[in-house]
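Visitor: let me see the structure of the following:
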Amino acid sequence: MNPDIKVIIPAFNEQNAVGLVIEEIPKDLVSEIIVVDNGSADNTFEIARSKGATALKEKKRGYGNACLKGMDYLTTLDEKPDIIVFLDGDHSDYPEEMYNLVFPIINEKADMVIGSRNRGKKERGSMTVQQVFGNWLATSLIKVFYGIKYTDLGPFRAIGYDQLLAINMQDTTYGWTVEMQLKAAKLKMNIKEVPVNYRKRIGVSKVSGTVKGTLGAGYKIITTIFKYL
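Guide: Below you'll find the predicted structure:
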């Protein structure tokens, strides 16, 4: 029996990218694609719905808020999924690589799989210097204080639904990915990383594309690391 896999895509002003992301998700693998429009001022919501996704709206801004909205939707379903995949809506990841993320959960009993951009091939210019440095600093701190070696805090990831509930996600903004990885480590979950490729996103990043976004994300990630010690 094949596992029930659902995808959650947080999206903010991604009308030029979200349709491509949805189209490239392997439909033979996934039972439902959930796009959470995080207060967009463009046609992100309408395009997501036109492409066959379940489109939701979350007016409270914040990456974590959008992800939590998608999780809340899952609680309303009669049949709960087996695996959840989180994927950004900016077309920087390769959705067809989703097979590689869910395979260890299905066949190797992994609890969570992180798509590592540092283990894959990154298109030149796909990550800013501050992103690369911030990622290195955060993963280094996690290794020192939590004793687990991650190579990336990449948003493209898969996790068992029961494990996701056990983590009890709380963060509403930039600390979402690191919170998940820290709590999974503290719960002694079986965590794996797989290489994923990465390309230039469509449009300008709301985080790394501005000084305010970069500083805000960096501060939140570092404080989250110390919060759960």
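
Visitor: give the contact list for the residue nearest to the spatial centre of the chain.
Guide: Centroid-nearest residue in the chain, with Cα atoms, centre = their mean: residue 155, separated by 3.1 Å. For residue 155, the contact set (Cβ atoms under 8 Å, 6 or more residues apart in numbering) comprises 86-88, 93, 177. Yep, even glycine has a C-beta here, placed from its N, CA and C like the rest.

Visitor: out of the residues you listed, the closest to residue 215 would be?
Guide: Sorting the contacts of residue 155 by distance to residue 215 puts residue 177 at the head of the list, at 17.4 Å, by Cβ to Cβ.

Visitor: pull out the buried positions in the strand or helix carrying that closest one.
Guide: Here residue 177 is covered by helix 176-186, with elements defined by DSSP states H and E. The neighbour-count criterion (16 or more other Cβ atoms under 10 Å) identifies 176-185 as the buried residues of helix 176-186.

Visitor: residue 162: which of those residues is nearest?
Guide: Distance to residue 162, by Cβ to Cβ, is smallest for residue 184 among the buried residues of helix 176-186, at 12.4 Å.

Visitor: ok, back up a step: most neighbours among the contacts of residue 155, please name it.
Guide: Highest neighbour count within the contacts of residue 155: residue 87, with 28 neighbours (other Cβ atoms under 10 Å).

Visitor: contact partners for that one?
Guide: With contact taken as Cβ under 8 Å, 6+ apart, residue 87 is in contact with 7-9, 21, 25, 93, 95, 98, 155-156.

Visitor: who touches the one helix or strand in the chain whose mean pLDDT sits lowest?
Guide: The helix or strand of the chain with the poorest confidence is helix 211-227; it has a mean of 83 (mean pLDDT, DSSP states H and E). With contact meaning Cβ under 8 Å, 6+ apart, helix 211-227 is reached by 128, 130-131, 134, 137-138, 141-142, 145, 153, 171, 173-175, 178-179, 182, 205-208.
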